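Chemist: Structure of the sequence below:
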Amino acid sequence: MKRKLFIPVLIVLALALGYGGFYLYRSYHPNMMLLRSRPAGGAADHYREGMTIVTFGSSIPLLDIPVAAPVRAEMDRLWAWYDGVENDLIYNYQAPMHITVSGEVEDGKTTLRYQGYATNQAGERVEYLEEETFDYVFVPQDELLQ
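Modeler: Numbering: from 1, shown residues only. I've put the predicted structure just below:
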């Protein structure tokens with residue numbers, strides 16, 4: 001009788017360990033995309049790239065795994081930084097402007113930047129640079145800002 005139970009118990013244990021490992025992995029590696037958005041049309045003297053941040057969960061309820069707290073903290077920092085830069089560009093600068101978005105992943109960190117030139121409220125052309133480094137790799141380098 002013990003021999004008949006050994007295989008089913010082993011299968012259940014393997015499934016539980018597999019799901020536990022997947023759960024732990026996914027909680028530290030959420031599904032996320034950081035995309036570059038480019039303006040369509042518009043004035044020739046107004047070029048401003050932006051960033052689109054996309055996060056998505058699973059459509060299967062058992063696989064809708066919450067993000068681990070340290071990763072969530074970096075994601076919240078990313079959203080706050082992004083929102084601050086976008087609001088700064090919208091409310092404090094005007095055309096002519098040429099702002100691009102770039103970034104890199106290195107040593108387990110992600111660095112993102114908005115840079116170029118813009119015209120401030122006084123009508124002066126100024127160099128613009130907002131850069132932030134996050135202690136997390138949101139996406140691999142080859143998928144960053146496609």
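Chemist: Please count neighbours and contacts with C-alpha atoms only from this point.
Modeler: Noted.
Chemist: ok, residue 99 touching residue 119?
Modeler: No - counting by C-alpha atoms under 8 Å, residue 99 stays clear of residue 119, with 11.0 Å between them.
Chemist: ranges for the helices of the protein?
Modeler: 2-28, 69-92 (DSSP state H).
Chemist: Mean pLDDT lowest where, among these?
Modeler: The minimum mean pLDDT among these belongs to helix 2-28 (a mean of 84).
Chemist: Could you list the buried residues of that helix?
Modeler: By 16 or more other C-alpha atoms under 10 Å, the buried positions in helix 2-28 come out as 23, 26-28.
Chemist: again, but for stretch 100-111
Modeler: Quick answer for stretch 100-111 (16+ other C-alpha under 10 Å): 100-105, 110-111.
Chemist: quick check, nearest of those to residue 82?
Modeler: Nearest to residue 82 among the buried residues of stretch 100-111 is residue 101, at 11.1 Å by C-alpha to C-alpha.
Chemist: Report the contact partners of that closest one.
Modeler: Contacts of residue 101 were listed using C-alpha atoms under 8 Å, 6 or more residues apart in numbering, and they are 36, 49-51, 112-115, 145.
Chemist: let's see it at 7 Å
Modeler: 36, 49-50, 113-115 (C-alpha atoms under 7 Å, 6 or more residues apart in numbering).
Chemist: Am I right that residue 134 is in contact with residue 111?
Modeler: Yes - checked against C-alpha atoms under 7 Å, the pair residue 134 and residue 111 is within contact range at 6.2 Å.
Chemist: what sits against residue 75?
Modeler: Applying C-alpha under 7 Å, 6+ apart, no residues contact residue 75.
Chemist: For residue 54, see how far away it is.
Modeler: 11 Å (C-alpha to C-alpha, to the nearest Å).
Chemist: now, among the contacts of residue 101, which is nearest to residue 67?
Modeler: Nearest to residue 67 among the contacts of residue 101, with distances taken as C-alpha to C-alpha, is residue 36, at 23.7 Å.
Chemist: centre of the chain versus the lengthiest strand in the chain, how much separation?
Modeler: Determined from DSSP state E, the single longest strand within the chain is strand 93-106. Computed by C-alpha atoms, centre = their mean, to the nearest Å, the chain-centroid distance of strand 93-106 equals 16 Å.
Chemist: No further queries at this time; thank you.
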